[in-house]
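>>> Just to be clear, the model below is a prediction. Sequence and coordinates:
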Amino acid sequence: MISGLVWGATEAEREHPLPCDDLQPGGVQADRAISIDAPPSVVYAWLCQLRVAPYSYDLLDRFGRRSPRQRDPALTELAVGQRFMSAFTLVSFVLCRHITLVSGKICVTYAVRPEGTGTRLTVRMHCGAPWIIARALALGDVVMMRKQLLTLKELAEAEARVGGRPAS
């Protein structure tokens, strides 16, 4: 396993096929995963919030503006072609299962699956840029994606504690 290409993902998760595998085959693959103590529907709803903000390091991604901490239920109404995190386009989705995004030679799938009473969120990125560039992007991505997943975990778990309603 190459450092920076995996964070939290098991070997089985790294081998499990995801939609991004077919859309951007080859190149550098990076896998990230996290367990979340909230139902898959709540986690998926928070993934839909990526339409308006990246939920990572707001100082870098949003010039200091905080990513919304209250979920907008209207953002769960998805359609192929919608923008996510300003740089990505939604290319496929299955409600409460996965969201797949593309930006240039980068393709990312966020996949949600039940895990006990909670959810396992796995994310795979394929980058078809030249190897050295793709590798550098993956190394930077592990820092940003880790923060994003931890933030989504915190928000989804907070919402689940208040009975599945968007946290305010």
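Perfect, I can see it now.
>>> contacting residues for the closest residue to Leu23 other than its chain neighbours?
Spatial nearest neighbour of Leu23, chain neighbours left out: Cys107 (4.7 Å); criterion: Cβ to Cβ, 6 or more residues apart in numbering. All C-beta atoms are positioned from the backbone trio N, CA, C, and that covers glycine. Going by Cβ atoms under 8 Å, 6 or more residues apart in numbering, Cys107 touches Cys20, Leu23, Gln24, Val91, Thr100, Leu101, Met125, His126, Gly128.
>>> same deal with Pro68?
Gln49, Val52, Ala53.
>>> between these, which is closest to Pro114?
For those, the closest approach to Pro114 (Cβ to Cβ) belongs to Gln49, at 20.4 Å.
>>> pretty sure the closest one is touching Pro73, no?
No - taking contacts as Cβ atoms under 8 Å, Gln49 lies outside contact range of Pro73: 10.2 Å.
>>> By neighbours, which of the contacts of Pro68 wins?
Gln49 (24 neighbours; other Cβ atoms under 10 Å).
>>> Three-state assignment for it, please.
Secondary structure assignment for Gln49 (DSSP: H, G, I helix; E, B strand; the rest coil): helix.
>>> Looking at it now. What's its pLDDT?
You'll see Gln49 listed with a pLDDT of 96.
>>> What of the one 10 residues further on?
Reported pLDDT at Leu59 in the predicted model: 58.
>>> Leu121 is in contact with Val43, correct?
Yes - proximity of Val43 to Leu121 meets the contact threshold set by Cβ under 8 Å, at 5.8 Å.
>>> where do the contact lists of these two overlap?
With Cβ under 8 Å, 6+ apart as the test, Val43 and Leu121 both reach Ile36, Val112, Leu152.
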